[in-house]
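Colleague: Would you be able to build a 3D model of this:
(one chain, ligands or ions: 1)
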Amino acid sequence: MTRQSLVRDLLRCPRCRGEFDEWEGATSLRCRTCGSEYPVTNNVPRLSGEPYVASFGRQWNRYDVERPEEDEATFRVKTGTDASALSGQLVLDAGCGGGRYSKLVARHGARVVGVDLSSAVEKAATLCADLPNATIVQADLLNLPLVEHTFDFVFSIGVLHHTPDAREAFRQVARRVRPGGKLAVWLYRKNILPQEWINSGLRALTSRLPARVLEPLCVGLSLIGGIPIANKILNKVANFSNHPDWTLRVCDTFDWYAPRYQSHHTLDELKAWFADEGFVDIEELRPARSGRFYDWAYRNNLVIGSGVNVVGTRSR
Ligand SMILES: C[S@@+](CC[C@H](N)C(=O)[O-])C[C@H]1O[C@@H](n2cnc3c(N)ncnc32)[C@H](O)[C@@H]1O
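Modeller: Sure thing, here's the model as predicted:
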């Protein structure tokens, strides 16, 4: 898929769904139907502004979080598919952030479109610069400027719960899967009520703090995240990452406390969304992590920041 054919075959005007003129080195795209023009910079068509996702632009451009081996394993767990199995397929990374998973699947030979609303697309475009089979687009999943029923495989890891309407974002993403194609979605799990209350209270404050104030707080929490045992118990009260890698720990903690929107969901809710959108073979994907304490806490919805993760096949 060249960028030209991407524009012709897949991209549509977010205002009127019209087709674009050919891309070919252009610095803007023009809709053939309504004449709207959209800039193309750093090889990224800019089909939307970034209304509420500035914190993501900051974090993904600031922290280098690509860890090829870990990303490969995480992708397998959270999509139920080995990236190498996607070679030759048309894949949508819905909410690509800094582009670590777009790059991974493109390296394995998939034709990938990575869509994100934030300026994280700069990082994603840089990560994927040497991969002509990967195209990054700045656009809104709630008004997704891509042709429906086209992609062989669509995945969305940790994204839809950061939109103001996760259900609608799911619908938009699900509609891009072709009949017989697959969709894998990972969303934050709903925890027990006291945890939800504490978290909402904390985030009501932190999501309003400027990044220069919030970031040092996240560094502090990340120090606790490195203390053995305490890090596994205290983060059942207030979330912080206990990832062994310092950069990921700070980035993940900021990722929790900074975003404007963060909704939490149940497994039954997510499975019902798949069924309502015409998916079959709907399966839960379990986390890689296990252990007696973790399994017990996960089963009882006590692990803050853990997910509900489902894969399904579009039947119609
Ligand atoms: C936690 S990040 C996950 C990024 C990537 N999937 C990963 O795991 O590395 C969530 C991403 O969702 C993007 N996002 C939030 N709302 C969006 C929307 N309406 N349309 C497109 N992207 C959106 C944010 O900009 C952010 O990069």
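Colleague: C-alpha only now, for contacts and for neighbours.
Modeller: Fine.
Colleague: Can you give the domain ranges for this structure?
Modeller: Using automatic domain parsing, the domain ranges for the chain come out as 1-41, 47-189+263-314, 208-257.
Colleague: mind checking which of the ones you listed is nearest the ligand?
Modeller: domain 47-189+263-314 (3.4 Å; CA to the nearest ligand atom).
Colleague: How far does that closest one sit from its chain's centre?
Modeller: 4 Å (CA atoms, centre = their mean, to the nearest Å).
Colleague: Would you tell me whether it gets close to the ligand?
Modeller: Yes: using CA under 6 Å from any ligand atom, a contact is recorded between domain 47-189+263-314 and the ligand, made by 53, 56, 95-97, 100, 116-118, 120, 139-142, 157-159, 162-163.
Colleague: what about that domain, start to end distance?
Modeller: Using CA to CA, to the nearest Å, one end of domain 47-189+263-314 lies 27 Å from the other.
Colleague: repeat for stretch 7-17
Modeller: Criterion CA to CA; first-to-last residue distance in stretch 7-17 is 12 Å.
Colleague: ok now that stretch, how far from the chain's centre?
Modeller: Computed by CA atoms, centre = their mean, the chain-centroid distance of stretch 7-17 equals 21 Å.
Colleague: so for that stretch, what's the average pLDDT?
Modeller: Regarding stretch 7-17, the rounded mean pLDDT is 93.
Colleague: count of neighbours near residue 55?
Modeller: Neighbour count for residue 55, taken as other CA atoms under 10 Å: 20.
Colleague: one step back: lowest average pLDDT across the domains of the chain?
Modeller: domain 1-41 (a mean of 88).
Colleague: looking at it, residue 257 is touching residue 206, isn't it?
Modeller: Yes: contact status for residue 257 versus residue 206: in contact at 5.7 Å, counting by CA atoms under 8 Å.
Colleague: quick one: which of the two has more around it?
Modeller: residue 257 (26 against 20).
Colleague: so which of the domains of the chain is the most packed in?
Modeller: Mean neighbours per residue, mean count of other CA atoms under 10 Å, is largest over these for domain 47-189+263-314, with a mean of 20.
Colleague: isn't there a helix covering residue 152?
Modeller: No: per DSSP: H, G, I helix; E, B strand; the rest coil, residue 152 lies outside any helix segment and is strand.
Colleague: for this protein, what spans make up the strands?
Modeller: For the chain, the strands defined by DSSP state E cover 28-30, 37-41, 44-45, 90-94, 111-116, 134-138, 151-157, 177-188, 279-284, 307-314.
Colleague: Redo those strands as TSV? Include distance to residue 77.
Modeller: Formatted as TSV, these follow (distance: least, CA to CA, whole Å):
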stretch	distance to residue 77
strand 28-30	37
strand 37-41	34
strand 44-45	29
strand 90-94	15
strand 111-116	19
strand 134-138	22
strand 151-157	11
strand 177-188	10
strand 279-284	11
strand 307-314	9
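Colleague: returning to that earlier point: how about the domains of the chain, which one is nearest residue 197?
Modeller: domain 208-257 (10.3 Å; CA to CA).
Colleague: returning to that earlier point: just put the domains of the chain in a markdown table and tack on distance to residue 196.
Modeller: Shown next, in a markdown table, are the domains of the chain (distance: least, CA to CA, whole Å):
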| stretch | distance to residue 196 |
| --- | --- |
| domain 1-41 | 35 |
| domain 47-189+263-314 | 9 |
| domain 208-257 | 10 |
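Colleague: Show me the one of those domains that comes nearest residue 198.
Modeller: domain 208-257 (7.1 Å).
Colleague: what's the distance between the closest one and the middle of its chain?
Modeller: 20 Å.
Colleague: Straight-line length of it, end to end?
Modeller: From start residue to end residue, domain 208-257 stretches across 9 Å - CA to CA.
Colleague: One more: stretch 88-102?
Modeller: 14 Å.
Colleague: neighbouring contacts of that stretch?
Modeller: With contacts defined as CA atoms under 8 Å, 6 or more residues apart in numbering, stretch 88-102 is touched by 56-57, 60-61, 65-66, 71, 75, 109-118, 120-125, 127-128, 134, 141, 151-157, 159-160, 173.
Colleague: do that again at 7 Å, thanks
Modeller: With CA atoms under 7 Å, 6 or more residues apart in numbering as the test, stretch 88-102 has contacts from 60-61, 66, 71, 109-116, 120-121, 123-124, 127, 151-156, 159.
Colleague: Let me see the ranges of the helices in this protein.
Modeller: 3-9, 54-62, 68-79, 100-107, 120-127, 166-174, 193-206, 211-224, 230-233, 246-257, 267-276, 292-299 (DSSP state H).
Colleague: Turn those helices into JSON lines, including distance to residue 86.
Modeller: Converted to JSON lines, these look like this (distance: least, CA to CA, whole Å):
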{"stretch": "helix 3-9", "distance to residue 86": "18"}
{"stretch": "helix 54-62", "distance to residue 86": "25"}
{"stretch": "helix 68-79", "distance to residue 86": "11"}
{"stretch": "helix 100-107", "distance to residue 86": "7"}
{"stretch": "helix 120-127", "distance to residue 86": "19"}
{"stretch": "helix 166-174", "distance to residue 86": "18"}
{"stretch": "helix 193-206", "distance to residue 86": "37"}
{"stretch": "helix 211-224", "distance to residue 86": "35"}
{"stretch": "helix 230-233", "distance to residue 86": "35"}
{"stretch": "helix 246-257", "distance to residue 86": "27"}
{"stretch": "helix 267-276", "distance to residue 86": "21"}
{"stretch": "helix 292-299", "distance to residue 86": "30"}
